[in-house]
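1. Sharing a sequence plus its predicted fold:
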Amino acid sequence: MNDSRQQFNDAVLYILGQIPKGKVVTYGNIAKLAGYPSHSRHVGRVLKNLPKDSTLPWFRVINGQGRISFPEQSERYQLQKGLLESEGIVFISGKINLKQYAWSVG
DNA sequence: CTTATGACCCTGA
DNA sequence: GTCAGGGCCATAA
């Protein structure tokens, strides 16, 4: 494994652990915070690589449109939606209010 | 080496 | 508001 890839992966996981409860972050935002503004896609690759029993709040990661990047019929979608709702996040037409739930440093 | 694919984003219609 | 096109980068074949 190249160090750069590992570093990106580690940065993403770290940021993921910094997301407060009841907040969400977009892929692009995480990538930017990790130091790779244009690697928004690879954030998804990192999450995909996560074990299903991971303790990290991967479900707090959504796309730039405030939607979950899974098809509605997908089990992952239902799981993520349920977890977010359990933290107080409200879904409207399958989307959430990014203006309200978007996390920023500080 | 070239293609194809992906838990994406931005912009314009 | 939603949808489509173009772009970006890493991985697999």
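-> Received it, and whenever you're ready, just let me know what you need.

2. C-alpha from now on. contacts and neighbour counts both.
-> Fine.

3. What segments of chain A are strands?
-> For chain A, the strands defined by DSSP state E occupy A:25-26, A:61-62.

4. Of the ones you listed, which is nearest DNA strand B?
-> Taking Cα to the nearest atom of the strand as the criterion, strand A:25-26 is the member of the strands of chain A that comes nearest to DNA strand B, at 4.3 Å.

5. Tell me where chain A has helices.
-> Across chain A, reading from the start of the chain, the helices by DSSP state H fall at A:3-18, A:27-34, A:40-49, A:75-85, A:98-101.

6. Does A:L98 touch A:N63 like I think?
-> No - with contact taken as Cα atoms under 8 Å, A:L98 and A:N63 are classed as non-touching, separated by 9.8 Å.

7. what stretches of chain A score poorly on pLDDT?
-> For chain A, residues meeting the criterion pLDDT under 70 lie at A:1-2.

8. Please list the residues of it that sit near DNA strand C.
-> For chain A, the residues in contact with DNA strand C under the definition Cα under 7 Å from any atom of the strand are A:R5, A:S38, A:H39, A:S40, A:R41, A:H42, A:S93.

9. Just give me the closest of the residues you listed to A:K81.
-> Proximity to A:K81 was ranked across the residues of chain A next to DNA strand C by Cα to Cα; first place goes to A:S93, at 12.0 Å.
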